[in-house]
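[1] generate a structure from the sequence data that follows.
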Amino acid sequence: MGNVNRHSGQSSHPTQESQPSGKRHRRTHLTKSVDKLLYLLSQGCMLHKVKGGGLLYPRTFYLDTENMVLKYSGSEKRLRKKRISWPISKIREVREGEKDYSKRLDPYDRGRCLAVVFGTNHEVLYLMSETSQMRDDWIKGLRFALHMDQYMDQKQQTDRWIREAFQMADKNNDRSLDFEEILKLLKQLNADMDKKYVLELFNKADTTKTHGKPVLDAEEFVRFYHMLTERPEIDEIFMKYDDGKGYWTFSDLCKFFYHEQKLDLTEDQSKELIAAFEPQKQLQLEEHLSPIGFRTLLASNDQQLFNPIHKRVYQDMTQPIINYYISSSHNTYLTDDQLRGPSRVEAYITALSRGCRCVELDCWDGPDEEPVIYHGYTLTSKIFFRDVLSAIKDYAFQSSPYPVILSIENHCSVKQQTVMATYIRSIFGDLLYAPEETPNRIPSPHDLMGKIVIKGKKLPNNLSNTDEGEVSDEDEAADVSNESVKPPKKDSGHKIKLSQEFSACVGFKAVGFKGVEESINSKGIFVSLGENKALKLIDNDRDGVIKLNQHMLVRTYPAGSRTDSSNYNPVPMWNAGCQVVALNFQTNSEPMQLLQGKFMDNGGCGYLLKPGFLLSDDRSASPWTSRKRLSITIVSGYQLPKPNDSKKGEIIDPFIKIEVHGVKEDTQQCKTSVKENNGFNPRWDEHVSFVIGQPDHAIIRFVVYDHDRCVDDFIGYFALPFHSIQEGYRHFSLLNKHGDKIPMALILLKVEIKEA
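    You can find the predicted model right below:
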């Protein structure tokens, strides 16, 4: 069966009584010092917000670990919207000023600065403290709060979110909400509910019954909210197996898992689940599960739509690297468009933290013999090559242990190429994979664990002992189609000079595409194809493309006409076996959502074993997976948010679009009906069914929209590979356009997969 939360009755850690007194004393001392630090930070400290242009804004910052928020006071902006608090759950990283690459901190003492990084898109709050000790205290406190947040259990997270909603509604800060304030809050939360019913629950939750106007304090509001958000659709599932008892025994739970979730649960496993998810102690002791416990179980991580086994690396990682799809980024340095947008070192950190394993560096001669990275022949800003290498070294293996490939577009003079080689060797050291002789076999991701590989042009080994040589030039920047930034024209046989030192750093030799057979016989391991050339080749010679990528890595990249950093559809490239399908990571539209969904598989490590029939050598004889029928009942939604730009007070009209992305014959979609004025708990109970001929290629994408007469507004999405779907009653969390989880927003489905 799939992973279940296993809680043995005995802790594997020694009890306090059995621990040596020295250890116990150190732990007590540590706890006291952390508590003291968190108390100090909760009282408020003066920190300076560091803004662009060298501006400093003094503000009093507070770390509120009760409500798990970082907030500040002291701003004089009254009229325009400003963010004065951030949930701890949104923090991705807390970074020392010395380890940040922003030029914004250059005028200041980096030892007194810190960077707080938020969300998948890595928005950064830069702060400077009065002393380095205060800076270190804030870093320690924020990191500890982040650790606390990550280890909250499900109920704690829910209660924290409800308290955040309470604070949002408590405009006059009197720590209570009256009935009218609660009605306003429910509207903000997308709940259009019967006023009498809400009043009935309000009165039930108001246990203190103070004189004067009835109000709920924070604890009463949490209780009120739990009553309000009871889910009858889940209770209906529960009643199918409770035989009127009002609770489940372990055998009832086993029946549910067998008939609905398609999993065989042992008696011990079912008892462990009851112990883990039943909140009422007496029922726990009796090994019974209540409807509330079942609700919590059904929303737990292991019962999600995405198979928990696929959240870790489970595929064979010892095959040649050409047998894997690789999560890849195009023009990684850009954070906006391709012509005038800023280049940032942070963009590499963002891509690597999202599981990307192949990043691109466009290298050009810079001032004072310092090579720079930018989009050549355009007005994009420039960043130093050495800064990018330092960031890659620091973040290369934080999300995955498997190799990072640097796709280098080399436009530098021989002199600055030698400078690049010096930086590559000195910064990466033993992390660099650069064998002196071409290996007899293509290495695997496992062979290259913890290694950084340069992909680029390489001089032949038999070259005489000179400083440089010539290689052919295929200039990706020459694809730019904007007339104002058109690069100079080059002859088709144009050569560039290559430094011996730089060539020696290259681990994967790149060659220009001259045809399938010529590329295969070139002794290179990497070939790049622009989007249009790749699609034309796939249409005209699909078997040739498959043969090509059975011998070498094929990289595809967006057409030069996409100056707005839009993306092409990656699916046809993957279907033809192209491994390195590079997208603009800064553009969070459908293609990037498909990439993120696909690469959630195999532990999110950035490498996915291709289907057997696309593999190299004799492995390509592997059979295709048989046709499947995917049947989905969209049961309900829960706490669907409003679009960011929706009008105040407007309740959404949600519907769900279900899409299959795969081979042309399998590409299909359908959508549910629209549920008017209900984003809080819409109920559909609508059935859809898809026949999928090649499941190995299929990605399923769910998109929630707010229906509008003009243009339907995007609310959130979720995408995953077909073979990562779990059958049965399953939830998935909605993600926003940046790929961040939307708090509390869930969709409940029932899924069945059969042979077609």
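[2] just give me the neighbour total for T210.
    10 (other Cβ atoms under 10 Å). Where you see a C-beta, it was placed from the backbone N, CA and C, and this is true even at glycine.
[3] how near is it to D178?
    According to Cβ to Cβ, to the nearest Å, T210 stands 11 Å off from D178.
[4] sketch out the low-pLDDT regions of the stretch 51-200 of the chain for me.
    For the stretch 51-200 of the chain, the stretches flagged by pLDDT under 70 are 76-83, 152-159, 161, 189-194.
[5] which parts of it are helices?
    With DSSP state H, counting those that start in this stretch, the ranges of helices along the stretch 51-200 of the chain come out as 132-150, 154-169, 179-188, 195-205.
[6] can I get the CA coordinates of stretch 307-324 in CSV?
    Once side chains and other backbone atoms are set aside, the C-alpha atoms of stretch 307-324 remain, and they are given as CSV (Å, rounded to 0.1, in the frame of the first residue of the first chain):
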residue,chain,number,x,y,z
ASN,A,307,1.1,9.5,-4.8
PRO,A,308,3.3,10.1,-1.7
ILE,A,309,5.7,7.3,-2.9
HIS,A,310,6.5,9.7,-5.9
LYS,A,311,7.6,12.4,-3.4
ARG,A,312,10.9,10.7,-3.0
VAL,A,313,13.4,9.4,-5.6
TYR,A,314,12.2,6.0,-6.6
GLN,A,315,13.4,5.6,-10.2
ASP,A,316,16.6,3.9,-11.4
MET,A,317,19.2,6.7,-11.5
THR,A,318,22.0,4.6,-12.9
GLN,A,319,21.2,4.7,-16.6
PRO,A,320,23.0,7.0,-19.0
ILE,A,321,22.0,10.6,-18.5
ILE,A,322,20.5,10.8,-22.0
ASN,A,323,17.7,8.5,-20.8
TYR,A,324,16.2,11.2,-18.5
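[7] now that stretch: buried residues?
    Of the residues in stretch 307-324, those buried under the neighbour-count criterion (16 or more other Cβ atoms under 10 Å) are 307-308, 310-311, 313, 315, 317, 319-324.
[8] touching that stretch from outside, list them.
    Around stretch 307-324, the neighbours that count as contacts under Cβ atoms under 8 Å, 6 or more residues apart in numbering are 2-3, 301-302, 402-403, 441-448, 525, 549-553, 579, 600-605, 607-610, 615-616, 619, 724-726.
[9] 7 Å instead, please
    The list of residues contacting stretch 307-324 from outside it, by Cβ atoms under 7 Å, 6 or more residues apart in numbering, reads 2-3, 301-302, 441-446, 549, 552-553, 579, 601-603, 605, 607-610, 615-616, 724, 726.
[10] of those residues, buried ones?
    Judged by neighbour count, with 16+ other Cβ under 10 Å as the criterion, the buried members of these are 302, 442-446, 549, 552-553, 579, 601-603, 605, 607-610, 615-616, 724, 726.
[11] okay, now E676: neighbour count?
    When neighbours are defined as other Cβ under 10 Å, E676 has 12 of them.
[12] please identify the helix or strand for it.
    In this structure, E676 sits in neither a helix nor a strand according to DSSP states H and E.
[13] skipping adjacent residues, who's closest to it in space?
    Distances taken as Cβ to Cβ, 6 or more residues apart in numbering place D653 nearest to E676, at 4.8 Å, with adjacent residues excluded.
[14] tell me the contacts of that neighbour?
    Neighbouring residues of D653 by Cβ under 7 Å, 6+ apart: V674, K675, E676, N677, D706, H707.
[15] how about it, phi and psi?
    Phi and psi for D653, reported as degrees, to the nearest 10, are phi -120, psi 80.
[16] can you pull out the low-pLDDT segments for the chain?
    When the per-residue scores of the chain are filtered using pLDDT under 70, the ranges that remain are 1-31, 76-83, 152-159, 161, 189-194, 462-494, 616-624, 645-649.
[17] coming back round to it: measure the residue nearest to E676 to K642 for me?
    Plainly put, D653 is 11 Å away from K642 if you go by Cβ to Cβ.
[18] hmm, back to that, possible to save the buried residues of stretch 307-324 as JSON lines with secondary structure and distance to P342?
    Supplementary listing: the buried residues of stretch 307-324 in JSON lines, determined by DSSP: H, G, I helix; E, B strand; the rest coil; distance: Cβ to Cβ, whole Å:
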{"residue": "N307", "secondary structure": "coil", "distance to P342": "39"}
{"residue": "P308", "secondary structure": "helix", "distance to P342": "39"}
{"residue": "H310", "secondary structure": "helix", "distance to P342": "36"}
{"residue": "K311", "secondary structure": "helix", "distance to P342": "34"}
{"residue": "V313", "secondary structure": "coil", "distance to P342": "35"}
{"residue": "Q315", "secondary structure": "coil", "distance to P342": "37"}
{"residue": "M317", "secondary structure": "coil", "distance to P342": "36"}
{"residue": "Q319", "secondary structure": "coil", "distance to P342": "39"}
{"residue": "P320", "secondary structure": "coil", "distance to P342": "38"}
{"residue": "I321", "secondary structure": "helix", "distance to P342": "33"}
{"residue": "I322", "secondary structure": "helix", "distance to P342": "35"}
{"residue": "N323", "secondary structure": "helix", "distance to P342": "37"}
{"residue": "Y324", "secondary structure": "strand", "distance to P342": "32"}
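[19] which of those sits closest to I383?
    Within the set of those, I321 lies nearest I383; the separation is 28.4 Å, counting by Cβ to Cβ.
[20] between the two ends of stretch 314-334, how far is it?
    Across its full length, stretch 314-334 reaches 33 Å end to end, with Cα to Cα, to the nearest Å as the criterion.
[21] ok, how many other residues are close to Y101?
    Based on other Cβ under 10 Å, the number of other residues close to Y101 is 20.
[22] how about it: what's its closest non-neighbour residue?
    Leaving aside its sequence neighbours, Y101 sits nearest to V345 (Cβ to Cβ, 6+ apart; 3.7 Å).
[23] still on that earlier bit, closest one to I747 among the helices of the stretch 51-200 of the chain?
    Comparing those by their distance to I747 (Cβ to Cβ), the top pick is helix 154-169, with 16.9 Å.
[24] of all the helices of the stretch 51-200 of the chain, which lies closest to L748?
    With distances scored as Cβ to Cβ, the stretch of the helices of the stretch 51-200 of the chain nearest to L748 is helix 154-169 (15.6 Å).
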